[in-house]
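# Sequence unavailable; structure follows:
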């Protein structure tokens, strides 16, 4: 007993072939979209790689690029098969390739599922990389004269301005690092000397933040220095002042940005999996309908189409048996040789 | 003397009609492009409207209206050209064709006006920006005045995005009080001294807002006492050059808008040339079809032209028509009214002398 059988006459077959052809070309466009998104994601990761210590994993965008190109190829082939399916001569050319093609599509669907899972799970890796990378960026902010780190200040300033954030967790991270280079500190000044000597590591620490932390929406001119000292500024209370500098941390801001990209890509891949399954089902129906025509010379005859020749359980059982015998092929051959020898 | 005479056989006429139908549909597309260019320019201008003293919104509005008009007129034109392949169907449109061509001529010149406006608005934009930025800097501190609350945010975002500072240069900030009195400690002697030190009682400093800071500077930004080298350690000429943005915001915005409007102007000029081509084709088709109707034989070879007489004669005849239209209520030339001439004036008296005989 076939699984989900459907009766087909000529009109139904023609409609199925035409509809399936259109769906295959839609799938090609979706494949191109996946490819484009993979490239976009790769570029975004590269742009912010300095914030992640150049340590970020490019697995997801590379996989997306691969999956996108595979989707284009497989679906274009499927479209061609559908286009030729109503002409028996042309279809006979494609017939032997159909079983391996359907198996390939199954494998491709599994790959898509893996990519979707990775899209959702790799976000943890991105979070950890960002935390580590931003910590180092803040540490190396002042090293604009060290080769390899000259542009860290510029990148971090532009990131803080663009993503409207300050520091790693929040703006207090700037209080724990020396972000003004010794080149610009007058070491003969008593105030400077006191501050440097006041902590164990001899760092010039202050409760100030760089200008890129300033919020343009604040009604008063930006207060960058002596942030925790209320008396240093007129009519200023640091506990209630919310608009002066950005309160969000850059790790949270960047993670939110990347995770929204990865979530949307994941949802799109799930949609692609559904589309591919529909493609495969349609193709299976079409090929079985064309195979079971009682009279191949008469295109008007009726035929049956199905998804599986036997029921689901029987097909699974057959599959397991086949896999078992595949593993045992060598053993059986030896056993047969022994009596002869 | 006919201007631009061409001969058309029947198959040539039909081909011309088909080609014009296609071109009219392409013109509908270019009309949509014109509309979207106008919309884009409108959005771009409105984004920084606050730092412009007077609007130059008439340029995108012109582009939007001509774009919409292009879509409608060319849609109608496509329909007319499709019907022109058949002489019978052409009779439906015979009376509409001439007004349609005049309308299209007028609207094509509107497109040209739109393109030229894009290039000529430059000087007006510069003046508007100079005045607008000056006022914006003056009202920077008024974040508590309704109508000006967001000027500070707009100006800060402008300076950050366009990497500019002040109107012409960063020193413009030294001449305005950009820190509100609300945040100045009036009991402090240094503040009071500074307020008293100038005629208008403004708190002027050699400082700039944070948005003037350059991200390219290797050292943390110096915002206070910018011109003075002594309060800052190791503050040499090069550090001073890189510290703040050197460009003025007026120049930055001018460059931005001039670039956009030059590209838009070029595209609109190309669209104008295309429309002119379509208009010429439609004129040829109209004259050819009218000549077919005049000759009465649909299969004959006919002439098509742009103008029946030379340009001077056509202009003169049109001018006469306009003059006579204006004179229609004047009595002088009306043949129905009997105006007695000098010879006729004697007749009534002679008539009176004729005795009435019964």
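Cool, the structure landed. The structure displayed is predicted, hence computed values, not measured ones. Numbers count the residues shown, from 1 in each chain, chains lettered A, B, ... in the order given.
# And the helices in the chain?
No chain was given, so I picked chain A. Using DSSP state H, the helices found in chain A span residues A:10-47, A:59-84, A:88-139, A:152-163, A:190-197, A:250-291, A:312-340.
# That was the other one, I meant chain B.
Per DSSP H, chain B carries helices over the ranges B:10-47, B:58-83, B:87-120, B:122-138, B:151-162, B:189-196, B:237-243, B:249-295, B:311-326, B:342-345, B:347-353.
# remind me which residues of the stretch 101-250 of chain A are low pLDDT?
Along the stretch 101-250 of chain A, the model assigns pLDDT under 70 to no residue.
# Any idea which of the helices of chain A gets closest to residue B:307?
Residue B:307 lies closest, by CB to CB, to one member of those: helix A:10-47, at 51.3 Å. Where C-beta positions appear, they are placed from N, C-alpha and C, glycine not excepted.
# If you average pLDDT over each of the helices of chain B, which is lowest?
Mean pLDDT is lowest for helix B:347-353 out of those, coming in at a mean of 50.
# will you turn the helices of chain A into JSON lines that also has mean neighbour count and distance to chain B?
As requested, the helices of chain A are exported to JSON lines (neighbours: other CB atoms under 10 Å in any protein chain shown; distance: least, CB to the nearest CB, whole Å):
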{"stretch": "helix A:10-47", "mean neighbour count": "17", "distance to chain B": "15"}
{"stretch": "helix A:59-84", "mean neighbour count": "19", "distance to chain B": "28"}
{"stretch": "helix A:88-139", "mean neighbour count": "16", "distance to chain B": "13"}
{"stretch": "helix A:152-163", "mean neighbour count": "20", "distance to chain B": "4"}
{"stretch": "helix A:190-197", "mean neighbour count": "12", "distance to chain B": "9"}
{"stretch": "helix A:250-291", "mean neighbour count": "18", "distance to chain B": "15"}
{"stretch": "helix A:312-340", "mean neighbour count": "10", "distance to chain B": "53"}
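# Can you lay out those as CSV showing distance to residue B:262?
As requested, these are exported to CSV (distance: least, CB to CB, whole Å):
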stretch, distance to residue B:262
helix A:10-47, 29
helix A:59-84, 37
helix A:88-139, 40
helix A:152-163, 28
helix A:190-197, 53
helix A:250-291, 34
helix A:312-340, 67
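# out of those helices, nearest to residue B:228?
Among those, helix A:190-197 sits nearest to residue B:228 (CB to CB), with 18.9 Å.
# got a list of what the closest residue to residue B:21 other than its chain neighbours touches?
Leaving aside its chain neighbours, residue B:21 sits nearest to residue B:81 (4.4 Å; criterion: CB to CB, 6 or more residues apart in numbering or on different chains). By CB atoms under 8 Å, 6 or more residues apart in numbering or on different chains, the residues touching residue B:81 are B:17-18, B:20-21, B:24, B:282, B:285.
# which of the residues you listed sit farthest apart?
Longest span within these, CB to CB: B:18 and B:282, 13.1 Å.
# Neighbour count: the two, which is higher?
residue B:282 (23 against 14; other CB atoms under 10 Å in any protein chain shown).
# which residues sit in contact with the more buried one?
With CB under 8 Å, 6+ apart as the criterion, the residues that contact residue B:282 are B:20, B:77, B:80-81, B:100-101, B:104.
# just the buried members of those?
B:20, B:77, B:80-81, B:100-101, B:104 (16 or more other CB atoms under 10 Å in any protein chain shown).
# Confidence-wise, which of the helices of chain A is weakest overall?
helix A:312-340 has the lowest average pLDDT among those, namely a mean of 71.
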